[in-house]
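J.: Curious how this folds, go ahead:
(chains A and B)
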Amino acid sequence: MQDFAQSFYLAGQLLISGDPELGEVVALSLRVTASALAISALIGLPLGALLAVARFQGRTALTVLANALMGLPPVVVGLTVYMLLSNAGPLGVLQLLYTPTAMIIAQSILITPIIIALTRQVIADLNAEYSETFRSLVVPGHTAIIALLWDARFSILTVLLAGFGRAIAEVGAVMIVGGNINHVTRVMTTAIALETSRGELALALALGMVLLLIALSVNGAVSLLKGVDRSTAHA
Amino acid sequence: MPEILSFPTRTEHTPSKVPSPMPLSVRHLAFQAGHTSILKGVDLDLETDALTVLMGPNGAGKSVLLRLLHGLLAPSFGEVRWNGLPLDKSLRRQQALVFQKPVLLRRSVRANLSFALGLRPVPNRAEKLAHALATAGLEHLSKRQARVLSGGEQQRLALARALILDPKVLMLDEPTANLDPASTLFIEQAIASARRRGVKVILVTHDQHQARRLGEEVVFLHDGKITEHSDAESFFDSPKSAAARAYLSGDILV
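T.: Numbering: from 1, shown residues only, chains lettered A, B, ... in the order given. Predicted coordinates:
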């Protein structure tokens, strides 16, 4: 119990004092995860919507694959990206290993299936409602997909949040491809892992609390946004 | 003095004998859902520019026929031809369908109409949008989310969205079911107004009073077949088929 109390105290101190090292780690965590999320959204949203709306051969197989890949083990992703980016690997020439870019790639691979699978479900549900009207209005396929994504935007935000949560809390893959190098690739989760291994449990827990605070803030911001939309609906 | 509005009457628009802008020809049309035959070989010609009412008891196949005419369902057998041509996207773009339960986009009233306008190369968009809002009596609600409107307002918006693209054929599937008399009146007046502009209307309704008020010709369906097709006056005054007679006298048809 003492550890917890000490951790709360420490977390508060770290936040109030504006510890520059903590700021650096938090900023890098956010930058890596936001970049991975942006890439995954660019790929996952249209692909998920396409899987929901289009009828083509292999659609069911792709849906099953996307659903299955939601449970990709991070260490396996990390190891694969490591092998691709290492000097002996096919992409070694890019010299990306142990850089934030490698971490972004690993996180993108991890969360893209989540974005695809959840977007497919959200859009399929909305399309079940819209499809007859769209067919009656002879809405072209690409217009229908854009309209569905736009009208489902608040559910899509929740999908993105799920991706964000998975990416920012991820440790295995970023540890392997980032290397947890101080001032270069150290993010919240790898810092927590390091402090835990050093026996600095209170500091590790304090960092965990800061991570939790970030997750809560992002969720709160999205809820606020949804609330604004609901209130304007009755304006 | 409160303004007293009256429902449109058939005498307000003379039954039209002019050729339809899009004559319809249906041959041997059948539709099967699983092991159930919904339509059993329907033949139908709608060649004049009249308001056609599709009537019949529940399960007669009226809504399915309407969806087949609009191409939302593919027939199990037979064919639908508009202007002598099989139904394709270009023909469907000249038609509009209003469903019993309006499906509106999760957007504002104005955005719902803009979306429809954006689907075709329409000149004077802003003017058309303003006119549609005014005609539907939704100007003051233009910024409101469509889904928070009342049932009557939603159906008015759905009808305005259907009419904003100037269809040659307007199909309506029980558009006033569950609406109050004021909303029903508004919808009926909008339908009558579309008729006066020369729009061919096909209306599915259970409401005999509505069919009498609006219908110029009636197609009566029973058990997946057309049992009667005549002008509205003769249908209501002296129905020829036993099924239609029983239906009009309030008997339960199975």
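J.: hey, where'd the strands end up in chain B?
T.: B:19-33, B:36-48, B:51-55, B:77-82, B:85-86, B:95-98, B:169-173, B:200-204, B:217-222, B:225-231 (DSSP state E).
J.: now the ones you listed as JSON lines including mean neighbour count?
T.: No exception for glycine: its C-beta is placed from N, CA and C like everyone else's. Output for the strands of chain B, formatted as JSON lines (neighbours: other CB atoms under 10 Å in any protein chain shown):
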{"stretch": "strand B:19-33", "mean neighbour count": "17"}
{"stretch": "strand B:36-48", "mean neighbour count": "17"}
{"stretch": "strand B:51-55", "mean neighbour count": "25"}
{"stretch": "strand B:77-82", "mean neighbour count": "18"}
{"stretch": "strand B:85-86", "mean neighbour count": "11"}
{"stretch": "strand B:95-98", "mean neighbour count": "24"}
{"stretch": "strand B:169-173", "mean neighbour count": "23"}
{"stretch": "strand B:200-204", "mean neighbour count": "24"}
{"stretch": "strand B:217-222", "mean neighbour count": "24"}
{"stretch": "strand B:225-231", "mean neighbour count": "18"}
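J.: closest to chain A out of those strands?
T.: Taking CB to the nearest CB as the measure, the strands of chain B were each checked against chain A, and strand B:95-98 came out nearest at 4.6 Å.
J.: interface residues of the stretch 51-200 of chain B facing chain A?
T.: Where the stretch 51-200 of chain B comes near chain A, counting by CB under 8 Å from any CB of the partner chain, the residues are B:70-72, B:89, B:92-93, B:96-97, B:99, B:103, B:105-107, B:115-116, B:118-119, B:143-145, B:147-148.
J.: now the strands of chain B as TSV including distance to A:E132 and mean pLDDT?
T.: Supplementary listing: the strands of chain B in TSV, determined by distance: least, CB to CB, whole Å; pLDDT from 0 to 100:
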stretch	distance to A:E132	mean pLDDT
strand B:19-33	16	91
strand B:36-48	17	93
strand B:51-55	18	96
strand B:77-82	17	96
strand B:85-86	21	94
strand B:95-98	8	97
strand B:169-173	11	97
strand B:200-204	15	96
strand B:217-222	21	96
strand B:225-231	24	95
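J.: Could you point out which of these sits nearest A:G48?
T.: Using CB to CB as the criterion, the shortest distance between A:G48 and the strands of chain B is 28.9 Å, found for strand B:95-98.
J.: rewinding a little: tell me which of the strands of chain B lies nearest to A:M83.
T.: strand B:19-33 (53.7 Å).
J.: B:L24 contacts B:L44, doesn't it?
T.: Yes: with contacts counted by CB atoms under 8 Å, B:L24 reaches B:L44, the gap being 7.1 Å.
J.: isn't there a strand covering A:T190?
T.: No: residue assignment for A:T190, taken from DSSP: H, G, I helix; E, B strand; the rest coil, gives helix, which places it outside any strand.
J.: Name all residues that make contact with the closest residue to it other than its chain neighbours.
T.: In space, not counting the residues next to it along the chain, A:T190 is nearest to A:N180; the distance is 4.0 Å by CB to CB, 6 or more residues apart in numbering or on different chains. Taking CB atoms under 8 Å, 6 or more residues apart in numbering or on different chains as the criterion, A:N180 is in contact with A:186, A:190-191, A:193-194.
J.: what would the residues you listed look like in a markdown table with pLDDT and neighbour count?
T.: Supplementary listing: those in a markdown table, determined by pLDDT from 0 to 100; neighbours: other CB atoms under 10 Å in any protein chain shown:
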| residue | pLDDT | neighbour count |
| --- | --- | --- |
| A:R186 | 95 | 20 |
| A:T190 | 96 | 23 |
| A:A191 | 94 | 25 |
| A:A193 | 94 | 17 |
| A:L194 | 94 | 17 |
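J.: Hmm, B:P181 and B:G152 touching each other?
T.: No: when contacts are counted by CB under 8 Å, B:G152 is not listed as touching B:P181 (9.9 Å).
J.: out of the two, which sits in the more crowded spot?
T.: The neighbour comparison of B:G152 against B:P181 (other CB atoms under 10 Å in any protein chain shown) goes to B:G152, with 20 against 11.
J.: Can you read off the pLDDT for the more buried one?
T.: pLDDT for B:G152: 95.
J.: got it, and A:G23?
T.: In this prediction, A:G23 has a pLDDT value of 88.
J.: Quickly find the element holding it.
T.: Taking DSSP states H and E as the criterion, A:G23 maps to helix A:20-53.
J.: Apart from its neighbours in sequence, what residue is nearest A:L30?
T.: In this structure, A:L30 finds its nearest non-sequential neighbour in A:I214, 7.3 Å apart by CB to CB, 6+ apart.
J.: Is the one you found part of a helix or strand, or is it coil?
T.: Of the three states, A:I214 takes helix according to three-state DSSP.
J.: What is the burial count for it?
T.: Around A:I214 there are 18 residues (other CB under 10 Å).
J.: now the helix holding A:G23, how far from the centre of its chain.
T.: On the basis of CA atoms, centre = their mean, to the nearest Å, the separation between the geometric centre of helix A:20-53 and that of its chain is 5 Å.
J.: Now do the buried residues in it.
T.: Of the residues in helix A:20-53, those buried by neighbour count under the rule 16 or more other CB atoms under 10 Å in any protein chain shown are A:22, A:25-26, A:28-30, A:32-33, A:35-37, A:39-41, A:44-53.
J.: Could you pull out the helices in chain B for me?
T.: Listed in chain order, the helices found in chain B under DSSP state H are B:62-70, B:89-92, B:109-117, B:125-135, B:151-163, B:181-196, B:208-214, B:232-237, B:242-248.
J.: need the ones you listed in a markdown table with distance to B:F31, can you?
T.: Supplementary listing: the helices of chain B in a markdown table, determined by distance: least, CB to CB, whole Å:
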| stretch | distance to B:F31 |
| --- | --- |
| helix B:62-70 | 5 |
| helix B:89-92 | 18 |
| helix B:109-117 | 28 |
| helix B:125-135 | 34 |
| helix B:151-163 | 23 |
| helix B:181-196 | 26 |
| helix B:208-214 | 23 |
| helix B:232-237 | 24 |
| helix B:242-248 | 19 |
